[in-house]
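Student: Predicted structure and sequence below. I'll ask about it afterward.
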Amino acid sequence: MKSKAWIVAAALGALALGLAAAAWLAAPDPGSPPDPAAVPAAGALDLPERPAAGKWAQARGPAAADPTARPGAEALATLPYLQGYRPARPGVETVTVHRPDAVSPGLNLYTSGHASEAVLMDPEGRILHRWGYPLRRLRPELYADPETRDEIRKLEYFRRARLLPTGELLAIFEGLGLVKLGPGSELVWAYRGGAHHDLDLADDGTIYLLDREGRAIPRLRPEGVLEDFVTVLTPEGEVQRKLSVLEAFERSPYAALLERMPPRPDILHTNTLEILDGRLAERHPAFRRGNLLLSVLELDTVAVLDPGSGEIVWALSDLWRKQHQPTVVGDGRLLVFDNVGAGPDRSRVLELDPFTREVLWRYGGDPETDFLSRTLGSCQRLPNGNTLITESENGRALEVTRGGEVAWEFTSPHRAGEAGELVAVLFEMERLPPDFPFRGDSPGGDR
């Protein structure tokens, strides 16, 4: 049985990308050349050298914490994802429809740093339904210690949510657990573990969840690391099996990628999981139906895990930096949110052939596009060919056409910070199909 102190430390350590960590992403290796100023041409990806330990740059927006401060490995505790990063912009509409004729229809589900809540809204921004569940009800023991209470309160949000056709909701408390809620936010079941970042559902309702445990691994770090797992749960929330992402790399032809692990407890920071549908299997057997597409941030790597063998069977690196949300789209292309691959102050979304590495479409990554989220971020290809992008740190989601035109835009109305001076982080906006069975229960979205 793990002690409460270890659970708290592991939970906070699992959230190591706060403002200071965002600045770390932008820091060059003192011995490497500076980031190139030129924007890569279409189809080319000339990335700066891999960032390493060194000076941390200040994040855009409010002043960051001491950028030279490093986490103590013995505590496995640093900053969590902040509930807000950037100053709120007054007088901005929540939803702006720039091109009504170009918007892909559907409902919108989002989670934000303002509360442990998921919100369903229509295209005009009208709230249809809300789900919420207090963290203190899931893990009351974490609030008993006054020394950790304030830090735990910073985790009172849903990192990701998945809406089921019945109106039930799966929601992740980052590093602390997964809950299944009914349409009225009543608790159906809870998994109290190191759930983090992402999950996906198989056709039979089986849940594949990113999970994490803090433990000592003498061959790596006797003082302890945060080890990522894929935990497989039944539809009722019972654990079926756990697959170590670390061991999956170690026993694979891609073990050399582990040399990139940072000197921090959070050695992999796996942030995305997608069950593959098999559309790329004819081009590469690794992409067969049922394998798992993963994003491993600390390795700058997108990989495929075979849950049958427990091995990494395919991996692609160095086309991005600190990436999020890789997903297979169209007839077999890869869509990726590239946080800092174009430079420390530019994010971009790339669509590429995963085997030839040819970039087929991109948004952002140039000085003319005001688009940056050093941490977090997501992207979703819509049925009409548009791309829904979540620019998390700015609390913004935008629907972009193939021509790069913004057709629809959402700016979070939620606030964070001591005086509400920051816009709340928008963890993810997901577009649901217009015929999604659950439509909410009231114009005001009362739970």
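Tutor: That came through fine.

Student: hang on, Val400 packs against Gly385?
Tutor: No - using C-beta atoms under 8 Å, Val400 is not in contact with Gly385, being 10.2 Å away. Where you see a C-beta, it was placed from the backbone N, CA and C, and this is true even at glycine.

Student: More neighbours: the two, which one.
Tutor: Just comparing Val400 and Gly385: by other C-beta atoms under 10 Å the higher neighbour count belongs to Val400, 24 against 13.

Student: check contacts around that one.
Tutor: Applying C-beta atoms under 8 Å, 6 or more residues apart in numbering to Val400 gives the contacts 349, 363, 386-389, 406-407.

Student: Kindly report the same for Arg333.
Tutor: Per C-beta under 8 Å, 6+ apart, neighbours of Arg333: 351-354, 360.

Student: beta partners of it?
Tutor: Val329 (DSSP bridges).

Student: And for the one 4 residues further on?
Tutor: Per DSSP bridges, residues listed as beta-bridge partners of Phe337: His324, Val349.

Student: any idea of the pLDDT on it?
Tutor: The model reports Phe337 with a pLDDT of 98.

Student: Residue numbering should commence at 43 henceforth.
Tutor: Happy to do that; since the first residue is 43 now, the last one works out to Phe379.

Student: I'd assumed Gln422 was in contact with it.
Tutor: No - when contacts are counted by C-beta under 8 Å, Phe379 is not listed as touching Gln422 (10.0 Å).

Student: the more surrounded of those two?
Tutor: Phe379 (30 against 21).

Student: how close does that one get to Gly350?
Tutor: 29 Å (C-beta to C-beta, to the nearest Å).

Student: re earlier: narrow the contacts of Arg375 to those that are buried.
Tutor: 393-394, 396 (16 or more other C-beta atoms under 10 Å).

Student: Could you dump those residues into TSV and include distance to Leu285?
Tutor: Formatted as TSV, the buried ones among the contacts of Arg375 follow (distance: C-beta to C-beta, whole Å):
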residue	distance to Leu285
Glu393	29
Leu394	27
Pro396	22
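
Student: Which one of those is nearest to Gly320?
Tutor: Pro396 (14.4 Å; C-beta to C-beta).

Student: Tell me who's in contact with the residue lying closest to that closest one once chain neighbours are set aside.
Tutor: Among residues not flanking Pro396 along the chain, Leu376 sits closest, at 4.5 Å (C-beta to C-beta, 6 or more residues apart in numbering). Residues in contact with Leu376, defined by C-beta under 8 Å, 6+ apart, are 344, 358, 368-370, 392-396.

Student: can you map out the helices along the stretch 293-442 of the chain?
Tutor: Assigned helices in the stretch 293-442 of the chain: none (criterion: DSSP state H, counting those that start in this stretch).

Student: What of the stretch 143-292 of the chain?
Tutor: Assigned helices in the stretch 143-292 of the chain, in chain order: 177-180, 188-195, 287-292 (criterion: DSSP H, counting those that start in this stretch).

Student: for the ones you listed, which one ends up most surrounded?
Tutor: Mean neighbour count (mean count of other C-beta atoms under 10 Å) peaks for helix 287-292 among the helices of the stretch 143-292 of the chain, with a mean of 20.

Student: average pLDDT across that one?
Tutor: 98.

Student: Does anything pack onto it? Which helices or strands?
Tutor: Counting contacts by 3 or more C-beta pairs under 8 Å, 6 or more residues apart in numbering; DSSP states H and E, helix 287-292 is packed against strand 263-275, strand 343-348, strand 353-359.

Student: Now tell me which of those the model trusts least on average.
Tutor: Minimum mean pLDDT among the helices and strands packed on helix 287-292: strand 263-275, a mean of 94.
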